[in-house]
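Undergrad: Please work out how this folds:
(chains A and B)
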There are 2 protein chains.
Amino acid sequence: MIKNIQVKDARFPLAKGAGSDAIHRDPIYSYAVTNLIDDSGLTGTGFAFTLGEGNDLVCKAAQFYAAQLKGRDIEELMSDFGNVFYQLSNEQQFRWLGPHKGVVQLALAAVTNACYDLWAKKRGVPLWKLLIDLSPQELLNTLDLSYLEDELSPEQALQLLKNNQQGKEDRSQIIHAGYPGYDTSIGWFNYSDEKVRENCKKAIAEGFTAMKLKVGSQDPKRDIRRSHIVREEAGDQVKVMLDANQQWTLPQALKICGELQSMNPYWIEEPTHPDDILAHKKLADAIAPVKLALGEHVPNRIIFKNYLQTGSAGFIQADAVRIGGVSEFITVSLLCRKYNIPVVPHVGDMGQLHQHLVLFNHISMGHDALFLEHIPHLQEHFVHPVSVEGGVYKTPMEPGSSCDLKIK
Amino acid sequence: MIKNIQVKDARFPLAKGAGSDAIHRDPIYSYAVTNLIDDSGLTGTGFAFTLGEGNDLVCKAAQFYAAQLKGRDIEELMSDFGNVFYQLSNEQQFRWLGPHKGVVQLALAAVTNACYDLWAKKRGVPLWKLLIDLSPQELLNTLDLSYLEDELSPEQALQLLKNNQQGKEDRSQIIHAGYPGYDTSIGWFNYSDEKVRENCKKAIAEGFTAMKLKVGSQDPKRDIRRSHIVREEAGDQVKVMLDANQQWTLPQALKICGELQSMNPYWIEEPTHPDDILAHKKLADAIAPVKLALGEHVPNRIIFKNYLQTGSAGFIQADAVRIGGVSEFITVSLLCRKYNIPVVPHVGDMGQLHQHLVLFNHISMGHDALFLEHIPHLQEHFVHPVSVEGGVYKTPMEPGSSCDLKIK
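TA: Down below sits the predicted model:
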């Protein structure tokens, strides 16, 4: 039974330039950490990610949701989590603050993730193991599919989950083999050209086969120059992604994405405002076969549904520490499966939670395990930091979701 | 110069059943009230509207924005408010909590509206008068048009404003004539059939020529029965609107909107989730010529742009106490003008602020002044409550935006 709730505002300043992009000059990586403490002594930990300012708002909203779980048994809660999620996210007054977006959805992610962590700890298994062992019906029970009726009814979702049972055993090889990480830290926006070049060499030496550069400069020449530096260092076999972090207007994006094709990007990420579904659609059509990656700032399954319906996303980057937590992440992944679009999460969690979800998406749902973003800046703060060796994510074996932090 | 900032959490419980709809059972109408106190002794008042729980979160976020205006001169601020709005809404860390949606956008509305109120008080005129006296260029300077470049560049916006100068004088007759209010309080969701019938009679007797009923029941027969009660009492000449408050799934909406056509609704409002642009498009196409009204929960100009681009909205119900304030409201109204779609605001402000904006939209922008929602529940709490006589909004003549509350 959940006996106590603790919510902590944890902020971690970064080294100069780290984390910077075209929009975010000087982020302080921060977590609204929710602890659900069981009467057996276990602590479920979940968090939402922010860039510092306002992290306290998310903590306050998380407190509101978490308070409603006091006295509940975690197994009972998770046996019907789809309804729990629906009830929490539609609390009739609090809902006005979204609905299902912004501060309240971030906070819901923290609380949902704490539930999943506690659940896995209670069963004494890593979260990926818990998830792959659930039956299709048990999985379905954890999902809130409301407002998806036109694309994914409960019956369709169940069928999709059942269909993908086939091949599960083969796909479980990934537990031993691991899957590639990609290095986002080679090219933060405020790093000098020299530092980017140096970081590329280092990433290649470490075994990375994919890496990402921040673009979105007011001077397009800088973007083009730097992207070619990365291509030059990385060679033709390495996947290079470009990330504009919403900086471009649609007319700008149409122009520069055309010019960036010359360095053969694997994807172009967040070209413009995350709410502008039709702009993404126009851009995707214009720059094909180059693909767009999007989703870091998309708050819920309904907007992802619209993105999938318009065919504007080549890769979906849902982030379980933004979109309401693990269950909403699985819902979005299921929608993506229907559309055959790969899910490559944005890692506001530094990959701690998502390393479990990529394994689950691959093994249980048949998604490709292409790769997962890797950002090493907070490793020292986690009890069980992700392990990326030779550019490959190693499977976490500790019980839970790997989200415990060393903060008091 | 803005010398002091005060933010107040004001909550007003309602009489039983009042304010209820298909989603919100028991709202407490609440304002996150921001006061900007000038060194001349004037106080600018603005607020965002919530339904109670979480109003404190909006207050906290408003404090963050307002603090950045301390020491600024209001005339100087408003001469370039488009940039001020852009800077505030894109503060590099805080932006992560949206962007441009949810708690932070609500809070920005409170602060923006306080600026407009202070500006009008400083000039000693009602807000509508201040706004209609601005030149097209001065108006343009108050707007943030970023991410609208594909539909409304600054040059196009200026041209649109200039084109609509024609006829301004004729349209100013509305200052004396007023324009109709419509009565939303006849048919709250939890009112009995008898009370709805009685309220209709009362509204007709008071001179209202338009009224709205809450629908979205789990039992469609209840919706159909009640909508026919209203039509019966109102007669064929009165406009009757139906409001589902997001309760329906798309398949449900497709079915019941067809059935509700029999009572000839003037519009059907918020049929499903406010983020689901494509569902609204499908529904709008299916039920034409019946029109959809939407926007009460739409947080910013970018999503409104998508709604307009898809042609799914027959009426746009932007609410200046949600979408970031007066300037964003004007931006959205300008977009609507381009698309020739009427703006009929949702009145989270109980019409206090919007009565000014409807006059401005009509006189300066050439929008029809169709009518404005009227909800009388908080009249006693305002210093200058709206005056609706014979079903017609009377023009406010006090300096400012009519948003001062009697709270300490």
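Undergrad: Who are the contact partners of the closest residue to A:Q246 other than its chain neighbours?
TA: Sequence neighbours aside, A:E270 is the residue nearest to A:Q246 in space, at 5.1 Å (criterion: C-beta to C-beta, 6 or more residues apart in numbering or on different chains). No exception for glycine: its C-beta is placed from N, CA and C like everyone else's. Residues near A:E270 by C-beta atoms under 8 Å, 6 or more residues apart in numbering or on different chains: A:D243, A:A244, A:N245, A:Q246, A:A293, A:L294, A:E296, A:H297.
Undergrad: could you redo the last one with a cut-off of 10 Å?
TA: A:21-23, A:216, A:242-248, A:280, A:292-298, A:317, A:346 (C-beta atoms under 10 Å, 6 or more residues apart in numbering or on different chains).
Undergrad: The closest residue to chain B within the stretch 101-250 of chain A and A:S327, how far apart?
TA: At 1.9 Å from chain B, A:G102 is the closest residue in the stretch 101-250 of chain A, using C-beta to the nearest C-beta. For A:G102, the distance to A:S327 equals 19 Å [C-beta to C-beta, to the nearest Å].
Undergrad: go on, A:K16?
TA: Between A:K16 and A:S327 the distance, using C-beta to C-beta, works out to 38 Å.
Undergrad: Looking at these two, which is more packed in?
TA: A:S327 (27 against 10; other C-beta atoms under 10 Å in any protein chain shown).
Undergrad: CA-only coordinates of stretch A:169-180, as PDB, when you get a sec.
TA: The C-alpha trace of stretch A:169-180 is given here as PDB (Å, rounded to 0.1, in the frame of the first residue of the first chain):
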ATOM      1  CA  GLU A 169      11.400 -15.000 -28.600                       C
ATOM      2  CA  ASP A 170      13.700 -14.100 -31.500                       C
ATOM      3  CA  ARG A 171      13.500 -10.500 -30.700                       C
ATOM      4  CA  SER A 172      14.500 -11.200 -27.100                       C
ATOM      5  CA  GLN A 173      18.100 -11.700 -28.300                       C
ATOM      6  CA  ILE A 174      18.400  -8.000 -27.900                       C
ATOM      7  CA  ILE A 175      18.600  -8.400 -24.200                       C
ATOM      8  CA  HIS A 176      22.000  -9.900 -24.600                       C
ATOM      9  CA  ALA A 177      23.100  -8.000 -27.700                       C
ATOM     10  CA  GLY A 178      22.000  -4.500 -26.700                       C
ATOM     11  CA  TYR A 179      21.300  -1.800 -29.300                       C
ATOM     12  CA  PRO A 180      23.100   1.300 -30.400                       C
END
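Undergrad: Can you list the buried residues in it?
TA: Residues A:R171, A:I174, A:I175, A:G178, A:Y179, A:P180 are the ones in stretch A:169-180 that count as buried (16 or more other C-beta atoms under 10 Å in any protein chain shown).
Undergrad: residues in contact with A:F12?
TA: Contacts of A:F12 by C-beta under 10 Å, 6+ apart are A:I28, A:Y29, A:S30, A:Y31, A:G52, A:H377, A:L378, A:E380, A:H381, A:L405, A:I407.
Undergrad: give me the element the fourth one is part of.
TA: Assigning secondary structure by DSSP states H and E places A:Y31 in strand A:29-38.
Undergrad: could you pull out the helices for the stretch 301-408 of chain A?
TA: Secondary structure of the stretch 301-408 of chain A (DSSP state H, counting those that start in this stretch): helices at A:301-310, A:326-339, A:354-365.
Undergrad: Which among those is found nearest to chain B?
TA: Within the helices of the stretch 301-408 of chain A, the stretch nearest chain B is helix A:301-310; the backing value is 4.5 Å (C-beta to the nearest C-beta).
Undergrad: counting contacts, what elements does that closest one pack onto?
TA: Judged by 3 or more C-beta pairs under 10 Å, 6 or more residues apart in numbering or on different chains; DSSP states H and E, the packing partners of helix A:301-310 are helix A:277-287, strand A:292-294, strand A:315-316, helix A:326-339, helix B:277-287.
Undergrad: Which residues in the first one does the neighbour count mark as buried?
TA: If I follow you right, that is helix A:277-287. Applying 16+ other C-beta under 10 Å to helix A:277-287 flags A:I277, A:L278, A:A279, A:H280, A:K281, A:K282, A:L283, A:A284, A:I287 as buried.
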